[in-house]
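Chemist: I would like the atomic coordinates for the input below:
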Amino acid sequence: MRDYVEIGIGREARRAYYLRDISIVPARRTRSSKDVDLSWNIDAYTFDIPFASHPTDALASPEFVIEMGKQGGLGVINAEGLWGRHADLDGAIAKVIKATLEADHVDPKSTAAEDSAVKTLQELHAAPLDHDLLSERIAQVRDSGVTVAVRVSPQHAHELAPVVVKAGAEILFIQGEIISAEHVQEGGEPLNLKEFIGSLDVPVIAGGVADYTTALHLMRSGAAGIIVGQGATTSDAALGIGTHMATQIADAAAARREYLDETEGRYVHIIADGGIVTSGDIARAVACGADAVMLGTPLAAASEAAAGGYYWQSQAAHPRFPRGVIARVDGGFSFGWGLDDPGATEDVLKQLRTGSPSLETILHGPSTSTWGGHNLAGGLRRVMAKCGYTDIKSFQKVDITLTS
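Modeler: The predicted model follows:
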């Protein structure tokens with residue numbers, strides 16, 4: 001039974017839960033973590049671990065995307081980010097970080113650092129998108145042999161999808177903060193996802209969604225996977241749209257069961273994106289019904305990450321209404337610290353990356369961290385073994401309790 005509460009005369013609200021509101025219950029049987037299989041299959045593509053990176057320029061240098069693939073995950077490129085706007089990608093990213101550092105150096109307690117960085121990011125995104133440059137960088141990833149995944153927004157899917165597929169994209173993400181099965185905009189061509197997905201020769205993952213009905217509609221559109229959640233945005237404060245991931249994932253899983261019945265067996269993958277920082281959060285997301293997770297801040301601390309430990313969502317660059325904090329992170333937790341001296345622009349990334357853990361350490365360990373911020377795959381593998389499960393789909397049935 002759904003839990004509704006009265007918040008005033010004639011107005012009810014459904015109670016929803018964050019991932020940290022639930023706990024996983026071990027069973028009487030345990031297994032060796034060596035017997036746990038974390039592999040994830042989406043369409044014809046197989047990955048050793050069920051992790052995709054969030055499509056932000058703060059993560060996705062070509063080197064990061066390639067290394068993500070080599071470590072068994074899926075690196076996702078943002079086709080509308082800095083990749084296709086600036087030939088000097090490192091230089092563009094360094095300008096964002098330097099703007100933060102310089103303002104923070106003047107007054108660490110003010111919001112000037114964040115405002116300055118967002119303004120710089122907006123200016124960099126105002127540069128025209130060069131399809132040839134974007135295609136060249138996608139081809140660089142394709143030539144490395146890893147699976148190529150590229151994100152486009154619903155607003156520009158008609159224009160950009162053919163470009164990125166021709167350049168070598170093997171999986172297309174159509175991802176916005178909130179997405180529907182039919183995106184309508186004044187003066188533009190409506191995006192009917194069912195027709196659009198049917199016209200493509202590559203699998204499509206679409207999102208984000210926050211409710212049962214939208215999840216079911218996207219499944220019926222032919223998407224191979226749907227993204228639940230909005231990542232680490234400031235939408236709760238700016239728009240009043242919260243991310244209660246435990247409830248949202250469970251609702252999407254219920255939609256998947258209905259769609260599975262009505263199609264007599266077509267399985268759509270659920271990818272959780274939001275509120276996921278540690279291996280425990282990943283385990284909770286899977287326990288609620290997710291097949292994979294999209295990671296942002298946990299990967300930003302990697303030495304291969306483009307922004308040298310700084311992180312922001314793609315929504316932070318919106319020209320009129322940005323939503324996303326630009327901040328230094330450590331294993332997923334945000335901190336307002338940086339370099340004592342910003343130095344020259346070309347030195348910023350080099351200084352920030354010095355001493356950072358590798359992507360391999362963050363994903364596979366070994367780790368000296370005790371709170372689950374590193375060795376994310378190992379942590380997920382261990383909790384599954386503690387509960388007696390050896391694969392992702394069976395672990396979705398694990399018992400959970402409510403702690404709030």
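Chemist: isn't residue 209 right next to residue 225, touching?
Modeler: No - if you go by Cβ atoms under 8 Å, residue 209 and residue 225 don't touch, sitting 11.2 Å apart. C-beta coordinates here come from the backbone N, C-alpha and C atoms, glycine included.
Chemist: Neighbour count: these two, which is higher?
Modeler: Set side by side, residue 209 and residue 225 show more neighbours around residue 209, with 27 against 24, by other Cβ atoms under 10 Å.
Chemist: For that one, which non-adjacent residue is spatially closest?
Modeler: Among residues not flanking residue 209 along the chain, residue 215 sits closest, at 4.9 Å (Cβ to Cβ, 6 or more residues apart in numbering).
Chemist: Ok, residue 360 next?
Modeler: Going by Cβ to Cβ, 6+ apart, residue 360 has residue 71 as its nearest residue, at 5.8 Å.
Chemist: isn't that neighbour right next to residue 358, touching?
Modeler: No - in this structure, residue 71 is not within contact of residue 358 by Cβ under 8 Å, at 9.2 Å.
Chemist: of the two, who's got more company?
Modeler: Each of residue 71 and residue 358 has its neighbours counted (other Cβ under 10 Å); residue 71 has more, 22 against 13.
Chemist: Please tell me how far the more buried one sits from residue 302.
Modeler: According to Cβ to Cβ, to the nearest Å, residue 71 stands 10 Å off from residue 302.
Chemist: again with residue 119
Modeler: Residue 119 is 27 Å from residue 302, where distance means Cβ to Cβ.
Chemist: higher neighbour count, those two?
Modeler: Comparing residue 119 with residue 302 by other Cβ under 10 Å, the one with more neighbours is residue 302, at 27 against 14.
Chemist: Would you mind giving both backbone torsions of the closest residue to residue 56 other than its chain neighbours?
Modeler: With Cβ to Cβ, 6+ apart as the criterion, residue 56 has its nearest non-adjacent residue at 5.2 Å, and that residue is residue 314. Main-chain dihedrals, residue 314, degrees, to the nearest 10: phi -60, psi -30.
Chemist: wait, doesn't residue 314 sit right on residue 55?
Modeler: Yes - here residue 314 reaches residue 55: they are 6.3 Å apart, a contact under Cβ under 8 Å.
Chemist: list residues touching both of these two?
Modeler: 78, 81, 151 (Cβ atoms under 8 Å, 6 or more residues apart in numbering).
Chemist: In terms of pLDDT, where does residue 316 sit?
Modeler: Residue 316 is assigned a predicted lDDT (pLDDT) of 76.
Chemist: and the residue nearest to it when sequence neighbours are not counted, backbone torsions?
Modeler: The spatial neighbour of residue 316 that comes closest, neighbours along the chain excluded (Cβ to Cβ, 6+ apart), is residue 324 at 3.2 Å. As for residue 324, its main-chain torsions (degrees, to the nearest 10) stand at phi 160, psi 130.
Chemist: Please identify the helix or strand for the closest residue to residue 19 other than its chain neighbours.
Modeler: Using Cβ to Cβ, 6+ apart and skipping the chain neighbours, the partner closest in space to residue 19 is residue 284 (4.4 Å). Taking DSSP states H and E as the definition, residue 284 sits inside helix 279-288.
Chemist: Just the CA atoms of stretch 133-151, as PDB, please.
Modeler: The C-alpha trace of stretch 133-151 is given here as PDB (Å, rounded to 0.1, in the frame of the first residue of the first chain):
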ATOM      1  CA  LEU A 133      36.000  18.500 -33.800                       C
ATOM      2  CA  LEU A 134      33.400  16.500 -31.900                       C
ATOM      3  CA  SER A 135      33.500  13.700 -34.500                       C
ATOM      4  CA  GLU A 136      37.300  13.600 -34.300                       C
ATOM      5  CA  ARG A 137      37.300  13.200 -30.500                       C
ATOM      6  CA  ILE A 138      34.600  10.500 -30.700                       C
ATOM      7  CA  ALA A 139      36.700   8.700 -33.300                       C
ATOM      8  CA  GLN A 140      39.700   8.800 -30.900                       C
ATOM      9  CA  VAL A 141      37.700   6.900 -28.300                       C
ATOM     10  CA  ARG A 142      36.300   4.500 -30.900                       C
ATOM     11  CA  ASP A 143      39.800   3.700 -32.200                       C
ATOM     12  CA  SER A 144      40.900   2.700 -28.600                       C
ATOM     13  CA  GLY A 145      38.600  -0.300 -28.800                       C
ATOM     14  CA  VAL A 146      36.300   0.600 -25.900                       C
ATOM     15  CA  THR A 147      32.500   0.900 -26.300                       C
ATOM     16  CA  VAL A 148      31.500   4.400 -27.300                       C
ATOM     17  CA  ALA A 149      28.600   6.100 -25.600                       C
ATOM     18  CA  VAL A 150      27.500   9.600 -26.300                       C
ATOM     19  CA  ARG A 151      24.800  11.800 -24.700                       C
END
